[in-house]
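In: Any chance you could fold what I've pasted below:
(one chain, ligands or ions: 1)
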Amino acid sequence: VTLRIAVIGATGVVGREMIDCLQASDLDIADLRLFASPRSRGAELGFRGRALPCEVADELDGEERRAFDYALFAAGSDLSRRLVPTFLAAGVRVIDNASLYRMEAEVPLVVPEINLGAVKAHHQLIANPNCSTIIALMAVAPLQRAAGLRRLIAATYQAASGAGAAGLAELEHNLRQTEEGGSAATEVFGQNLASNLIPWIGPPGAEGEADCEEEQKLRRESRKILGLSDLEVSCTTVRVPVRRTHALALTIETESALAPEEAAALIEAAPGLALDRSRDPREIQTPQKVAGGDLVVVSRLRRAFESSPGLSLFVMGDQIRKGAAQNAVQILVGLAAGH
Ligand SMILES: NC(=O)c1ccc[n+]([C@@H]2O[C@H](COP(=O)([O-])OP(=O)(O)OC[C@H]3O[C@@H](n4cnc5c(N)ncnc54)[C@H](OP(=O)(O)O)[C@@H]3O)[C@@H](O)[C@H]2O)c1
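Out: Sure, this is the predicted structure:
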């Protein structure tokens, strides 16, 4: 089958990487059209040896939309609210990176290694989960399948590019200012992130809750993806001065005991996961080493408690690749193969 695909938000950090993932895939793509804001009109991005111009998403008419089989959105919730319904009305299947539709009951929220089966033939809109949630659950799901899951406790170490091109630019600027002695930019992160960390990400959560929205996303989306509606999730999300690759320190309480060696074997056997057994700071995997790849790397795997079943682990993944672009393209590959 040859595919006609639209990428909306093509010039952003996720959009650019989605083009790269599409390029590397085996998909037979007859037509790829790229869309962004009027700021990017005419800018060219490469795809399989051709230079494709960026068009303005709002200017597409219904007839043009009907020409697509799939639309990949990575332009934020405001644009998704406006344009996703117009693509759905034109009969296009949509995979959306924004958070807007993730918790809607009729919208599957998918990590292909875990729950591609949640997508049925009638589903036209599929949501890509939050980046930290994808990376955490890639490691947790094989352990849950083997030993059940009672509780998930997480602390995140989230990269600046998780806040898009503007977040990355602000960190770069502030790292330079640290050396040159200029004033720091604080528009994206609220404070200078260089040589610092900020233990709060995004807006406050729903009224009456002490968590920030990023923490609520991890709780709600984990419950939906794992199919555990009562799962207890305690999470603290922290922005750190790393360019790309999110990391999480996880502790899971399991239903039955799982020896660290059994857990290690499960992780080594799971697609998309790699295990780092290093006990040496000179060798252990870090965000810098993991950046740019599609594997989620698990290290520090060990027993969590002395007398009850559970494990602690450290998980890292490039949040632009597996945490967003690669996961979305994997969903597309699954849909194109008949899901
Ligand atoms: N960054 C991550 O690690 C990450 C991970 C998971 C999910 N996500 C989600 O993915 C989405 C994209 O994030 P990002 O980090 O790639 O953001 P970004 O770097 O800021 O890119 C945003 C993209 O949206 C386009 N855009 C903005 N306003 C537009 C408008 N009015 N009309 C058309 N296009 C418009 C931008 O075009 P211009 O270049 O022309 O402005 C750009 O292509 C967001 O929903 C985000 O929550 C991001």
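In: tally of neighbours for residue 209?
Out: 12 (other Cβ atoms under 10 Å). All C-beta spots, glycine's among them, are computed from the backbone N, C-alpha and C.
In: what's the closest non-adjacent residue to it?
Out: residue 216 (6.8 Å; Cβ to Cβ, 6 or more residues apart in numbering).
In: Up against the ligand, what does the stretch 51-200 of the chain have?
Out: Counting by Cβ under 6 Å from any ligand atom, the stretch 51-200 of the chain comes close to the ligand at 57, 74-76, 79, 97-98, 131, 161-162, 164-166.
In: what would these look like in TSV with secondary structure?
Out: Supplementary listing: those in TSV, determined by DSSP: H, G, I helix; E, B strand; the rest coil:
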residue	secondary structure
57	helix
74	coil
75	coil
76	coil
79	helix
97	coil
98	coil
131	helix
161	helix
162	helix
164	helix
165	helix
166	helix
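In: And the residues you listed, which of them are buried?
Out: Neighbour-count burial (16 or more other Cβ atoms under 10 Å) applied to those gives 57, 74-76, 79, 97-98, 131, 161-162, 164.
In: By pLDDT, rank those and give me the bottom one.
Out: Lowest-confidence member of those: residue 57, scoring 91 (pLDDT).
In: Can you tell me the closest non-neighbouring residue to that residue?
Out: For residue 57, ignoring the flanking residues on the chain, the nearest one in space by Cβ to Cβ, 6+ apart is residue 35 at 3.9 Å.
In: My read is that the one you found contacts residue 10, right?
Out: Yes - at 6.1 Å, residue 35 and residue 10 qualify as touching, with contact defined as Cβ atoms under 8 Å.
In: Need the overlap of contacts for those two.
Out: residue 54 (Cβ atoms under 8 Å, 6 or more residues apart in numbering).
In: pLDDT at the residue of the stretch 1-150 of the chain found nearest the ligand, what is it?
Out: The ligand sits closest to residue 12 of the stretch 1-150 of the chain, with a gap of 2.0 Å, by Cβ to the nearest ligand atom. pLDDT for residue 12: 98.
In: go on, the one 10 residues further on?
Out: At residue 22 the predicted local distance difference test score is 98.
In: Quick check: the residue nearest to residue 57 is in a strand.
Out: Yes - counting by three-state DSSP, one finds residue 35 located in a strand.
In: Report how many residues lie close to it.
Out: Neighbour tally, residue 35, other Cβ under 10 Å: 24.
In: which residues does it form a beta bridge with?
Out: residue 8, residue 55 (DSSP bridges).
In: quick one: contacts for residue 95?
Out: 70-73, 126-128, 328, 331-332, 335.
In: Work out the gap between the helix or strand that contains it and the centre of the chain.
Out: Assigned by DSSP states H and E, residue 95 falls within strand 93-96. Remark: strand 93-96 is offset 15 Å from the chain centroid, using Cα atoms, centre = their mean, to the nearest Å.
In: Strand partners (parallel or antiparallel) of that strand?
Out: Assessed with DSSP bridges, strand 93-96 is paired to strand 70-73 (parallel), strand 125-127 (parallel).
In: re the thing from before, so can I have CSV of the contacts of residue 95 showing pLDDT and neighbour count?
Out: Supplementary listing: these in CSV, determined by pLDDT from 0 to 100; neighbours: other Cβ atoms under 10 Å:
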residue, pLDDT, neighbour count
70, 98, 21
71, 98, 27
72, 98, 28
73, 98, 31
126, 98, 24
127, 98, 26
128, 98, 27
328, 98, 26
331, 98, 24
332, 98, 24
335, 96, 21
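In: doesn't residue 195 fall inside a helix?
Out: No - counting by three-state DSSP, residue 195 is not part of a helix but coil.
In: what about the nearest residue to it once chain neighbours are set aside, neighbour count?
Out: Counting by Cβ to Cβ, 6+ apart, residue 195 lies nearest to residue 178, which is 6.1 Å off, once chain neighbours are set aside. Neighbours of residue 178 under the rule other Cβ under 10 Å: 15.
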